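J.: Dropping the sequence and predicted coords here.
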Amino acid sequence: MLLHEVRSVRPGEWVLVHAAAGGVGQLVSRWAKRLGANVIGTVGSEGKIAAAKAAGADEVLLYKSGDWANDVRRISDNKGVHLAVDGIGGSIFMETLKTIRPFGILGSIGQPAGPVPPVRLEDLGNIAVMRPSVIAAVNDPAFYQRGSKALITALQDGLSNPIGAEYHLRDAAGAQADLEAGKTTGSVILTT
């Protein structure tokens with residue numbers, strides 16, 4: 001949905017992926033690289049940089065320190081990114097708006113750092129903001145089938161995503177706590 005529907009990413013375009021060491025972040029980074037995009041990833045700690053790079057991020061920045069938004073603009077030819085995928089929310093969302101080039105798109109897919117603050121339409125200028133929803137896809141069978149086929153084809157062509165951690169179902173609360181505390185990388189699964 002993010003790389004084909006929110007924006008049809010083309011070779012040479014710039015994609016910013018927040019939480020690039022997480023399960024969704026790694027998958028989006030890998031898929032964007034397969035499409036020929038330049039990927040800038042952000043992570044919450046230095047210990048996650050290697051995972052984001054292994055997933056295909058060309059550059060990895062710490063979003064909790066420094067002026068990462070200006071660094072993103074500088075790295076992306078001083079113009080900004082074509083697509084930003086924000087799975088963090090909160091104050092990160094507002095900073096991410098500064099990284100989008102004219103006619104680029106910000107896809108807001110989560111908010112573990114808190115709700116997305118209100119945004120005035122006049123402050124957006126000529127960039128777009130989307131809040132893509134998996135639920136909307138499930139409720140549209142043709143859309144869901146198209147996305148599923150694209151994913152299955154990419155997996156058959158070698159796209160993969162490592163399992164970062166496995167938790168027994170009875171430890172689901174611990175898995176949730178580790179996710180919220182930023183202690184995980186890769187996809188987290190529950191087993192029985």
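T.: Yep, it's here. Please read all numbers here as calculations on a predicted model, not as lab measurements.
J.: Not counting its neighbours along the chain, what's nearest residue 20?
T.: Leaving out its chain neighbours, the residue that sits closest to residue 20 by Cβ to Cβ, 6 or more residues apart in numbering is residue 41, at 2.8 Å. All C-beta spots, glycine's among them, are computed from the backbone N, C-alpha and C.
J.: count of residues packed around that neighbour?
T.: By the criterion of other Cβ atoms under 10 Å, residue 41 has 30 neighbours.
J.: same deal with residue 122?
T.: Residue 122, neighbours per other Cβ under 10 Å, totals 6.
J.: Only the buried residues of stretch 100-111, if you could.
T.: 100, 101, 104, 105, 106, 107, 108, 109, 110, 111 (16 or more other Cβ atoms under 10 Å).
J.: Please flag which of the residues you listed sit within strands.
T.: Assigned to strands by DSSP state E, the following of those qualify: 100, 101, 104, 105, 106, 107, 108.
J.: Flag the shaky bits of the protein, pLDDT-wise.
T.: Scanning the chain for pLDDT under 70 picks out no residues.
J.: so where's the longest helix in it?
T.: If you go by DSSP state H, the chain has its longest helix at helix 141-156.
J.: re the thing from before, in its sheet, which strands sit next to the helix or strand harbouring the residue nearest to residue 20, and in what direction?
T.: According to DSSP states H and E, residue 41 maps onto strand 38-43. Neighbouring strands of strand 38-43 in its sheet, by DSSP bridges, are strand 14-17 (parallel), strand 59-62 (parallel).
J.: For it, list the C-alpha coordinates in PDB.
T.: The C-alpha coordinates for strand 38-43 follow below in PDB (Å, rounded to 0.1, in the frame of the first residue of the first chain):
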ATOM      1  CA  ASN A  38      17.200   5.800  -2.100                       C
ATOM      2  CA  VAL A  39      16.200   5.100   1.500                       C
ATOM      3  CA  ILE A  40      16.900   7.200   4.600                       C
ATOM      4  CA  GLY A  41      16.000   5.400   7.800                       C
ATOM      5  CA  THR A  42      15.600   6.700  11.300                       C
ATOM      6  CA  VAL A  43      16.000   4.700  14.500                       C
END
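J.: ok so, going back, among the strands paired with strand 38-43, which is nearest residue 125?
T.: Taking Cβ to Cβ, strand 14-17 is the member of the strands paired with strand 38-43 nearest to residue 125, at 17.2 Å.
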